[in-house]
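Asker: I would like to see how this sequence folds:
(4 chains)
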Protein chains: 2
Amino acid sequence: MEKLSKGEQTRAAILDAGVRVASRLGLEGLTIGSLAEATELSKSGLFAHFGSREDLQLAVLERGREKFADVVIKPALKQPRGVARLRAMFENWLHWTESAELPGGCLMLGAAVEFDDQPGPLRDAVARLQREWMDSLARTVRGAVEEGELRAGTDIEQLVFECFGIALVAHHHRRLFRDPIAHQRALAAHEHLIARHRPSTAQHLAVR
Amino acid sequence: MEKLSKGEQTRAAILDAGVRVASRLGLEGLTIGSLAEATELSKSGLFAHFGSREDLQLAVLERGREKFADVVIKPALKQPRGVARLRAMFENWLHWTESAELPGGCLMLGAAVEFDDQPGPLRDAVARLQREWMDSLARTVRGAVEEGELRAGTDIEQLVFECFGIALVAHHHRRLFRDPIAHQRALAAHEHLIARHRPSTAQHLAVR
DNA sequence: GCATGAAAAGTACGCTCGTGCTATTTTTCT
DNA sequence: AGAAAAATAGCACGAGCGTACTTTTCATGC
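Answerer: Model (predicted):
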């Protein structure tokens, strides 16, 4: 572990606090004043680490991405390629959105809603990060197909799409309704989704 | 149609504009100044219609609920009880989130993310409205079960949960990725969901 | 251990916010 | 038409925002 200079470690502490604040109040609610208070720095002292508020928001987003990779993706890659890894990805994702470190829920999902129709670097960054995550999921699904654990004709994008939906609704229900069984419902839905794409059983492709 | 007093019709115009603004900027982004500008009123003139900003936000939310009922629920009730009505509900919902009147997407979904961990009247209102909508969906599904179009043992809450997820991801993808086929994917996912619960075909209940 | 540059604080500015108060205009009712 | 009431505008306030400048404190390398 490289030794961090004073400035670098302060910056890291700011970003960690920033991720927590942004989780609860959104990236829009992440103000320099409140973050300065949370980190026990002066407004100007904090501001000096970033050229602008937008830069701060982008840095927080990037810090979130790193954490996401550490908590969700990396551990899942230890699972063998196939459905096992897909399950790990999904379950880690669910845990991530419920993590105590994210008191306000996944900041990517929050940011997606905040910026989805406000053009600019933030929107671009959010879209890029989410796209990357979808690509990771797609690769995982493709792995399961290649292992023969999912049907060969599987519409990978569609599967990822639906998988994403389950995570979104779990997040939504757990946070808005404080629904304690949202997690369980999400797992069940995910298993149904997987079962639908298993190669062994005959499927009724009832699409209009 | 009752004749509206001057004040009432101004108030109605404010709320309609408020729904549009809140759709794009969120209820947090709905400021009195910007809304006054949009309605060509003075700040104080607009403010006089509501005792506080929070009251304004609540009124906008309620106006949104009325529109939702008009556009999504009422037309669907014209369909016969059963899967047809469920399909209508879902498709109207999708159209609602894509409506030109909601340039920033469904304001309920936006509000849910904004307020899900900020206790207060707004959070309560959002949670109540979403709960009511879920109850409507549940009643519709129950109707389809009673008509024999869905399996008797159907876990209604689970079905609604998954249905909600599909709408969420369609909204998310369409807005963040400008994905033109999100709508189509959502319809396909919904049909799969229905197919899974049809009574005629044997199902593999692969839940862990 | 001290010089030097980095890090943090201090201070100030212009802006927008929500909201109260008062004045003025416009509806509404007799 | 004129009086009463409702609707809207004008204005001021204190607070918080992002950001620019200057000054002080601190960490680091010789």
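
Asker: C-alpha from now on. contacts and neighbour counts both.
Answerer: Noted.

Asker: for chain A, which helix is longest?
Answerer: Secondary structure of chain A per DSSP state H: the longest helix is helix A:121-146.

Asker: so does the helix or strand following that one get close to chain B?
Answerer: The helix or strand immediately downstream of helix A:121-146 is helix A:156-176, counting by DSSP states H and E. Yes. Residues of helix A:156-176 contacting chain B under Cα under 8 Å from any Cα of the partner chain: A:158, A:161-162, A:164-170, A:172, A:175-176.

Asker: identify the farthest-apart pair in those.
Answerer: Pairwise distances across these peak at 26.6 Å for A:158 and A:176 (criterion: Cα to Cα).

Asker: nearest residue to residue A:104 in space, please, no chain neighbours.
Answerer: Closest residue to residue A:104 apart from its sequence neighbours, by Cα to Cα, 6 or more residues apart in numbering or on different chains: residue A:24 at 3.8 Å.

Asker: name the SS class of residue A:65, please.
Answerer: When classified by DSSP: H, G, I helix; E, B strand; the rest coil, residue A:65 comes out as helix.

Asker: contacting residues around it?
Answerer: Taking Cα atoms under 8 Å, 6 or more residues apart in numbering or on different chains, we find residue A:65 in contact with residue A:129.

Asker: wait, does stretch A:14-34 contact DNA strand C?
Answerer: No. Against DNA strand C, stretch A:14-34 shows no contacts by Cα under 7 Å from any atom of the strand, the least distance being 9.3 Å.

Asker: what sits up against that stretch?
Answerer: Applying Cα under 8 Å, 6+ apart, the contact partners of stretch A:14-34 are A:35, A:38-39, A:43, A:46-47, A:53, A:57, A:59-61, A:63-64, A:101-107, A:110-111, A:114, B:114, B:117.

Asker: can you select the buried ones among those residues for me in ChimeraX?
Answerer: Command for ChimeraX that selects the buried part of these, burial taken from 16 or more other Cα atoms under 10 Å in any protein chain shown:
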select /A:35,39,43,46,47,57,59,60,61,63,64,102,103,104,105,106,107,110,111,114 /B:114,117
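
Asker: tell me, which of the contacts of stretch A:14-34 make contact with DNA strand C?
Answerer: Checking those against DNA strand C by Cα under 7 Å from any atom of the strand, the ones in range are A:43, A:46.

Asker: count the neighbours of the residue nearest to residue A:104 for me.
Answerer: 24 (other Cα atoms under 10 Å in any protein chain shown).

Asker: equivalent analysis for residue A:78, please.
Answerer: 11.

Asker: and the nearest residue to residue A:177 once chain neighbours are set aside, how far from DNA strand D?
Answerer: The shortest distance from residue A:177 to any non-neighbouring residue, by Cα to Cα, 6+ apart, is to residue B:127 (6.6 Å). As defined by Cα to the nearest atom of the strand, to the nearest Å, residue B:127 lies at a distance of 26 Å from DNA strand D.

Asker: how many neighbours does residue B:127 have?
Answerer: Applying other Cα under 10 Å, we find 22 residues neighbouring residue B:127.

Asker: interface residues of chain A facing DNA strand D?
Answerer: So chain A meets DNA strand D at A:4-6, A:30-34, A:43-44, A:47, A:51-54 (Cα under 7 Å from any atom of the strand).

Asker: quick check: of the residues you listed, which lies closest to chain B?
Answerer: The nearest member of the residues of chain A next to DNA strand D to chain B, counting by Cα to the nearest Cα, is residue A:30 at 12.9 Å.

Asker: and for the closest one, the neighbour number?
Answerer: Residues within reach of residue A:30, counting by other Cα under 10 Å, total 21.

Asker: next, give phi and psi for it.
Answerer: Per-residue torsions, residue A:30: phi -80, psi 100 (degrees, to the nearest 10).

Asker: please apply the same query to residue A:116.
Answerer: Residue A:116 adopts backbone torsions of phi -60, psi -20, taken as degrees, to the nearest 10.

Asker: okay, now it: neighbour count?
Answerer: 25.

Asker: could I have the buried ones of the residues of chain A next to DNA strand D as ChimeraX selection syntax?
Answerer: Typed into ChimeraX, the line below selects the buried ones among the residues of chain A next to DNA strand D, using 16+ other Cα under 10 Å:
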select /A:30,31,32,43,47
